[in-house]
Structures are given as C-alpha cells and as structure tokens.
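Enquirer: Need coordinates for the below:
(one chain, ligands or ions: 1)
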Amino acid sequence: MSKKAKLSALILVGLFLVMLVALPISNFFLARDLLPVTDGIAEFKPVSLILQNKCADCHSPDMTVYPLYTKLPIASQLIAKDREEAQQNMLFNRERLSGKQPFSKLDLARIQNVVENNEMPPVQYKLMHWNAGLTKADKETIIEWLQAEAAQSKSSQ
Ligand code: HEC
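Expert: Numbering: from 1, shown residues only. Next up is the predicted model:
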C-alpha cells in the first residue's frame, strides 16, 4: 500500500469510529413529547412512561422520534423493518399508553416474558440508544404493574 492509500484508509477508519460514537450521542438530544396517562390503575402510570421512552420508537405507530441518521441508506431500512415487525407483534398505541384501552391477558403475559428474559429493547437499538435498556428499577416497576393487573382481574371475576 502506498503512503497515500494508508493515510486514506486511516482517515476512513477514523471517520467510522467518530460516527460510531457521534450517532448514539446525537440520540441524547432528541426531544420526546410524552402522552399524559389519564386512565388505568395507578401502577400503570410509571410503566407508561417507561414504554413511551424505551419502546414507543418501534411499537407505537405515530410516536417514533426519528434519529438524525434515519435517512442513511442501511439505517432507514433497518428502522422501517424493526417498526413494522414490532407493531405486528405488539402495539403500544396512544389508547393503551394513556391507559384508556386495557391490555389483554395474553399481551400482559407476552410483556412479562420479554421483560424477564431481557429481550426488549433489541440489542441493536440499545447500541444506538445508550439509555434505552430497562434498568433493574424499570423491570421492578413493570412486574409490580403486571401483578396488580393480575390481582385486579382476579378480584373482578
Ligand atoms: C428497535 C425496535 C424495538 C424496540 C425499541 C422495542 N421493541 Fe419490542 N419488538 C421489536 C420487534 C422487531 C419485535 C418482533 C420480533 C421479536 O419478537 O423479536 C418485538 C416484539 C415485542 C414483543 C412481542 C414478543 C412476543 O413475540 O411475544 C413484546 C411484548 C415487546 N416487543 C415489548 C417491548 C418492550 C416492553 C419494549 C421496551 C422496553 C420494546 N419491545 C422495545 C422491536 C422493538
């Protein structure tokens, strides 16, 4: 390799490394409008905020906060595919996030499953959104809500 080729390769690698850090950091500056939680049991309120902050980008039809790199060729396809698949599998729409529309028992069980097994948010999302992973406290909040929903549905039978 000539000196010039080596230098170009080095610059390319450098640019790539800068992007690798700069793109996730750019996500910290995105603003998100939060939906007020008006209905549902008390335990749902903090859970809705977790879902809105950490899950809505993929699971909520018109609530995605698009990152700066949305329009980059590969990124745009990955994001579109994730959102489509996510919403086919589990919908966190406005009615549900505001507490107006209750979750079915089956959906509650599916949420419990992904939370307990650390399956959501997906790894590729967490790589780009450094504060999107569920913390221990988030998980406890979600499990408390699931237990409260289960107790509620038992007592109303
Ligand atoms: C990057 C996009 C993305 C984010 C963010 C995301 N999900 Fe998902 N989710 C998906 C995709 C894609 C699927 C369908 C494929 C799969 O199950 O892996 C899915 C599936 C699911 C399912 C259905 C699993 C099943 O098959 O029973 C649940 C429940 C779920 N997600 C909950 C969550 C929760 C809770 C969060 C936030 C903590 C979250 N997701 C964040 C992309 C996402």
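Enquirer: what sits against the residue nearest the centre of the chain?
Expert: Taking CA atoms, centre = their mean, the centroid of the chain lies closest to residue 55, which sits 2.7 Å from it. Counting by CB atoms under 8 Å, 6 or more residues apart in numbering, residue 55 touches 92, 120, 121. The way it works is simple: take the backbone N, C-alpha and C, and place the C-beta from them, glycine included.
Enquirer: need the contact list for the first one.
Expert: By CB under 8 Å, 6+ apart, the residues touching residue 92 are 51, 52, 55, 56, 59, 60.
Enquirer: need the residues of the protein near the ligand, please.
Expert: 54-55, 57-59, 82, 85-86, 89-90, 110-111, 113-114, 120-122, 125, 134 (CB under 6 Å from any ligand atom).
Enquirer: of those residues, buried ones?
Expert: In the residues of the chain next to the ligand, burial by neighbour count holds for 54-55, 57-59, 82, 86, 90, 111, 114, 120-121, 125, 134, counting by 16 or more other CB atoms under 10 Å.
Enquirer: Secondary structure and pLDDT for those - can I get that in a markdown table?
Expert: Shown next, in a markdown table, are those (DSSP: H, G, I helix; E, B strand; the rest coil; pLDDT from 0 to 100):
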| residue | secondary structure | pLDDT |
| --- | --- | --- |
| 54 | helix | 98 |
| 55 | coil | 98 |
| 57 | helix | 97 |
| 58 | helix | 97 |
| 59 | helix | 98 |
| 82 | helix | 96 |
| 86 | helix | 98 |
| 90 | coil | 98 |
| 111 | helix | 98 |
| 114 | helix | 98 |
| 120 | coil | 98 |
| 121 | coil | 98 |
| 125 | helix | 95 |
| 134 | coil | 98 |
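Enquirer: what's the closest of those residues to residue 105?
Expert: Distances from residue 105 to these, taken as CB to CB, are shortest for residue 111 (10.9 Å).
Enquirer: Looking at the protein, which helix is longest?
Expert: helix 3-26 (DSSP state H).
Enquirer: Please list the outside residues in contact with that one.
Expert: With contacts defined as CB under 8 Å, 6+ apart, helix 3-26 is touched by 1, 67, 68, 69, 127, 128, 129, 130.
Enquirer: Next one, pLDDT for the first one please.
Expert: In this case it means residue 1. At residue 1, the model reports a pLDDT of 82.
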